[in-house]
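**Student:** how would this look folded up:
(one chain, ligands or ions: 2)
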Amino acid sequence: MSAPTLDALLPALTDWLPGQRWFAAKDRTVAEVRLVGHQEVTPADAVPAVAHAVIAVSFTDGPEDRFQLLLGSRPDVSGDLEHAVIGRVGDRVVYDGLADGEISRLLLSMIVSDTAVGSLRFVPEPGTEAPIVGPGRPLLGEQSNSSVIYGERAIMKLFRRATPGLNPDLELHRALRRENSGEVAPLLGAIEGEIVPDDGGAPVPMTVAMLQVYAANSADGWSMALTSVRDLLAEGDLRPDEVGGDFAGEAHRLGKTIGMVHRELARALGSERLGADGVSAVADWMLERLDAAAGAVEAVAARRDDIARVLEGVRAADDGGLVVQRVHGDLHLGQTLRTPRGWLAIDFEGEPSRPLDDRVRPDSPLRDVAAMLRSFDYAAFHQLAEWETGAEAPAYLQRRAQEWADRNRSAFCDGYAEIAGADPREHLAVLRAYELDKAVYEVLYETRNRPNWLTIPLRSMARLVGDPDPARGAPDH
Ligand SMILES: Nc1ncnc2c1ncn2[C@@H]1O[C@H](COP(=O)(O)OP(=O)(O)O)[C@@H](O)[C@H]1O
Ligand SMILES: O=P(O)(O)O[C@H]1O[C@H](CO)[C@@H](O[C@H]2O[C@H](CO)[C@@H](O)[C@H](O)[C@H]2O)[C@H](O)[C@H]1O
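**Tutor:** Ligands and ions are numbered 1, 2, ... in the order given. Next up, the predicted model:
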């Protein structure tokens, strides 16, 4: 697809983008879409033809965002591809290329055979061989990016945000592969490209896609945790340790896995002890995030000073220093897979809305531990948050949910301590600061994305600043 063809597609893209799950700006009105880079993967008249495009999207307010697309085109489409059509340009129909099995097969074979086309490089991971297993099947479901699965053997993720630099997901998977990590799905290859930075200048490298071993027969931690909570709520008169679906053994194993991931990341990429200035910078950065959230959400603004007091707790690390290293950065139960052999961690991109510089900054492993503790809270209270519109879940169920969260948070920390050699709860003030920092982020995230879920982080925010918690106390049922 040539640049003029892609230019002609831009009006259709304006209508198409807001309907895409990965389009991270659904709450904003698109003003204009511009083409800022493109590279043909095949000749423009091939059937199908494939091109990589980078678009800049501007909105009626706020800064613009950049996204990347893999576009397919054919003289006509039918059946399976119709849902992916973006528009017709000249004598071609242009569509989301990952929906086309022939295109995903081609991309995989280009990675395996170590190919370069213009600014795009299709690179196999040294020492690995990706299976060539036919066309890819697009992954359906909630995703920030777009993935295709090759016969349950490999999975390729196209990163949707076009960000200059090496994507941390690829960077950390490469580092963990060097450590022979058994805690992540092995990396098989990548597609790398170039992007002209926002401020102009020479093109810089950018990660387009990443190929990994597909963990067959796995279940994600979030669904498993919800199944356990569902069991518990159905048996309201039993404690979490008394129901068949008790999750504590899994939470303990997961703690060990995350402990291993941290050890491997530290071995591969180093760690350092921050002095007083470094610790102070971490505290200042949390306060900046707090003020940004307070500017956007009234519930945060109303508790700003109480929250700030707890965040200041990170300065308690001052005496012994704070050890920092590369971390996952956005760990939650949905970022874990339970395979028949054990747990895997996935998706090392960090919080999607943060700039790359922030996401690659070394941080305390307690950030990940705290984020996982938050996730146990989420799993415990999720079914109660969605109880019945306008109705509060009965108090005895809230207490059961709290017991589930406490039990699994504690099992996770026990497992983590076994591997890390130190219990994260030894640094309670620091851990609490990280947990509250995450809860504040979540309040903002839910306000923007899932207002029905907002009560979950709001409740935790109140607990973490020390408000009395109605979900604690003797069960009355
Ligand atoms: N290696 C893998 N094996 C099996 N399934 C995977 C693998 N990696 C990701 N997945 C599945 O794909 C989903 C999306 O992957 P993820 O990396 O979290 O994408 P995103 O960055 O778009 O959120 C996961 O929730 C999981 O179900
Ligand atoms: O998975 P992403 O990297 O896109 O992360 C974002 O979305 C997550 C939700 O999908 C969000 O996680 C929050 O909700 C989870 C339940 O859906 C819960 O387990 C997490 O603890 C909670 O933070 C994540 O914060 C956001 O960055």
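
**Student:** and the stretch 101-250 of the chain, which residues reach ligand 1?
**Tutor:** Within the stretch 101-250 of the chain, the positions adjacent to ligand 1 are 139, 143-145, 147, 155, 157, 185, 212, 214-215, 218, 220 by Cβ under 6 Å from any ligand atom. For every residue, glycine as well, the C-beta is placed using N, CA and C.

**Student:** and the longest helix seen in the chain, what does it pack onto?
**Tutor:** In the chain, taking DSSP state H as the definition, the longest helix is helix 395-420. Counting contacts by 3 or more Cβ pairs under 8 Å, 6 or more residues apart in numbering; DSSP states H and E, helix 395-420 is packed against helix 221-234, helix 248-269, helix 366-385.

**Student:** how's this protein carved up into domains?
**Tutor:** Residue ranges for the domains of the chain, per automatic domain parsing: 3-99, 101-213, 219-466.

**Student:** redo these as JSON lines? Include mean neighbour count and mean pLDDT.
**Tutor:** Converted to JSON lines, those look like this (neighbours: other Cβ atoms under 10 Å; pLDDT from 0 to 100):
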{"stretch": "domain 3-99", "mean neighbour count": "17", "mean pLDDT": "92"}
{"stretch": "domain 101-213", "mean neighbour count": "18", "mean pLDDT": "93"}
{"stretch": "domain 219-466", "mean neighbour count": "19", "mean pLDDT": "93"}
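
**Student:** just put these in CSV and tack on distance to residue 472.
**Tutor:** As requested, the domains of the chain are exported to CSV (distance: least, Cβ to Cβ, whole Å):
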stretch, distance to residue 472
domain 3-99, 35
domain 101-213, 31
domain 219-466, 6
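
**Student:** identify whichever of the helices and strands packed on helix 395-420 lies nearest to residue 308.
**Tutor:** helix 366-385 (17.1 Å; Cβ to Cβ).

**Student:** and ligand 2, is the closest one touching that?
**Tutor:** Yes. Using Cβ under 6 Å from any ligand atom, helix 366-385 reaches ligand 2 at 374-375, 378.

**Student:** kindly export that helix (C-alpha atoms) in PDB.
**Tutor:** Output in PDB follows, covering the C-alpha atoms of helix 366-385 (Å, rounded to 0.1, in the frame of the first residue of the first chain):
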ATOM      1  CA  LEU A 366       7.800  -3.700  46.400                       C
ATOM      2  CA  ARG A 367       6.000  -1.900  43.600                       C
ATOM      3  CA  ASP A 368       5.100  -5.300  42.000                       C
ATOM      4  CA  VAL A 369       4.300  -6.900  45.400                       C
ATOM      5  CA  ALA A 370       2.000  -4.100  46.300                       C
ATOM      6  CA  ALA A 371       0.300  -4.200  42.900                       C
ATOM      7  CA  MET A 372      -0.400  -7.900  43.300                       C
ATOM      8  CA  LEU A 373      -1.800  -7.300  46.800                       C
ATOM      9  CA  ARG A 374      -4.100  -4.800  45.200                       C
ATOM     10  CA  SER A 375      -5.200  -7.400  42.700                       C
ATOM     11  CA  PHE A 376      -6.200  -9.800  45.500                       C
ATOM     12  CA  ASP A 377      -8.400  -7.000  46.900                       C
ATOM     13  CA  TYR A 378      -9.900  -6.500  43.400                       C
ATOM     14  CA  ALA A 379     -10.600 -10.200  43.000                       C
ATOM     15  CA  ALA A 380     -12.200 -10.400  46.500                       C
ATOM     16  CA  PHE A 381     -14.500  -7.500  46.000                       C
ATOM     17  CA  HIS A 382     -15.200  -7.500  42.300                       C
ATOM     18  CA  GLN A 383     -18.400  -9.700  42.500                       C
ATOM     19  CA  LEU A 384     -19.700  -7.600  45.300                       C
ATOM     20  CA  ALA A 385     -19.100  -4.300  43.500                       C
END
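
**Student:** all helices in this structure, in order from the N-terminus.
**Tutor:** Using DSSP H, helices in the chain cover 3-16, 101-112, 168-178, 221-234, 248-269, 276-296, 298-302, 304-311, 356-359, 366-385, 395-420, 428-449, 455-464.

**Student:** near ligand 2, which residues of the stretch 101-250 of the chain?
**Tutor:** So the stretch 101-250 of the chain meets ligand 2 at 144, 222 (Cβ under 6 Å from any ligand atom).

**Student:** nearest to ligand 2: which residue in the stretch 101-250 of the chain?
**Tutor:** residue 144 (4.1 Å; Cβ to the nearest ligand atom).
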